[in-house]
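Engineer: build me a structure from this.
(chains A and B)
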Amino acid sequence: RKEVEQDPGPFNVPEGATVAFNCTYSNSASQSFFWYRQDCRKEPKLLMSVYSSGNEDGRFTAQLNRASQYISLLIRDSKLSDSATYLCVVNSRGRRALTFGSGTRLQVQP
Amino acid sequence: GAVVSQHPSRVICKSGTSVKIECRSLDFQATTMFWYRQFPKQSLMLMATSNEGSKATYEQGVEKDKFLINHASLTLSTLTVTSAHPEDSSFYICSARALDSTDTQYFGPGTRLTVL
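Structural biologist: Predicted structure coming up:
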């Protein structure tokens, strides 16, 4: 079983739609959680950290459910520029490197 | 935000040659740098953790004699792919963690290696 699992998609949504991605992680010792965005043939860029209390950054809302070991990302009012692959990323206690999910591809259409 | 550079951004080489990729933290010091590899439509996979002044720690299945890592200073780590083969063709990405960092890592722009 992969340590971080995501639905690969693609999610094809019209502009203005709300879309949600989920991610599950298997290591209960995980302590830090992130969403990264990766555009085609580019490096990943940090979108936001994810906290147990939930956090929001503009149109993006991230939630963490430690009991169920899943993380979500909600994007409201999708823009064409949101088209990318969204990576769920976890950092486990005692391990300095990040563990990446395989990513969920989003395609926002006009 | 902090900046990490990689050089070269793209390299094409013949099978059997060696390729060196540099990763630099431009405006901060990094005791730890990480090297990842990403094949098409797959996730980033950690290859090794590079520690300044000491030997790198390699992930299971990554040959340390094939992927030579040197972290000679707090701002530079290099990855050398020795005797490259076509199956080594991939996107190699480094990241750096600042000295005073929590868990934030800053990624370089990646190096696309094609071995003919």
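
Engineer: only C-alpha atoms for contact and neighbour calcs from this point on.
Structural biologist: OK.

Engineer: for residue A:20, what are its contacts?
Structural biologist: A:72, A:73, A:74, A:75 (Cα atoms under 8 Å, 6 or more residues apart in numbering or on different chains).

Engineer: likewise residue A:41?
Structural biologist: Here residue A:41 is in contact with no residue (Cα under 8 Å, 6+ apart).

Engineer: now do the contacts for the closest residue to chain B within chain A.
Structural biologist: Nearest to chain B, among the residues of chain A, is residue A:102, at 4.1 Å (Cα to the nearest Cα). Residues counted as contacts of residue A:102 (Cα under 8 Å, 6+ apart) are A:4, A:5, A:6, A:8, A:87, A:88, B:41, B:42, B:43, B:44.

Engineer: now the fifth one: closest residue in space that isn't a chain neighbour?
Structural biologist: In space, residue A:87 comes closest to residue A:103 once its chain neighbours are excluded; the distance is 4.3 Å by Cα to Cα, 6 or more residues apart in numbering or on different chains.

Engineer: tell me the contacts of the one you found?
Structural biologist: Contacts of residue A:103 by Cα under 8 Å, 6+ apart are A:6, A:7, A:8, A:85, A:86, A:87, A:88, B:42, B:43.

Engineer: let's see that with 10 Å instead.
Structural biologist: A:4-10, A:21, A:23, A:35-38, A:84-89, B:41-44 (Cα atoms under 10 Å, 6 or more residues apart in numbering or on different chains).

Engineer: please apply the same query to residue B:39.
Structural biologist: B:45, B:87, B:88, B:89, B:90, B:91, B:92.

Engineer: tell me which two of those sit farthest apart.
Structural biologist: Greatest spatial distance among these (Cα to Cα): B:45 and B:87, at 15.1 Å.

Engineer: who has more neighbours, those two?
Structural biologist: For residue B:45 and residue B:87, the more surrounded residue by other Cα atoms under 10 Å in any protein chain shown is residue B:45, and the numbers stand at 19 against 11.

Engineer: quick one, grab the pLDDT at residue A:91.
Structural biologist: For residue A:91, the model assigns a pLDDT of 87.

Engineer: please apply the same query to residue B:100.
Structural biologist: Per the predicted model, pLDDT is 62 at residue B:100.

Engineer: residues near residue B:41, how many?
Structural biologist: Neighbours of residue B:41 (other Cα under 10 Å): 12.

Engineer: an error on my part: the question was meant for residue A:91.
Structural biologist: Neighbour number of residue A:91 under other Cα under 10 Å is 19.

Engineer: you'd agree it is up against residue A:29?
Structural biologist: Yes: contact criterion Cα atoms under 10 Å: residue A:91 and residue A:29 qualify, at 8.9 Å.
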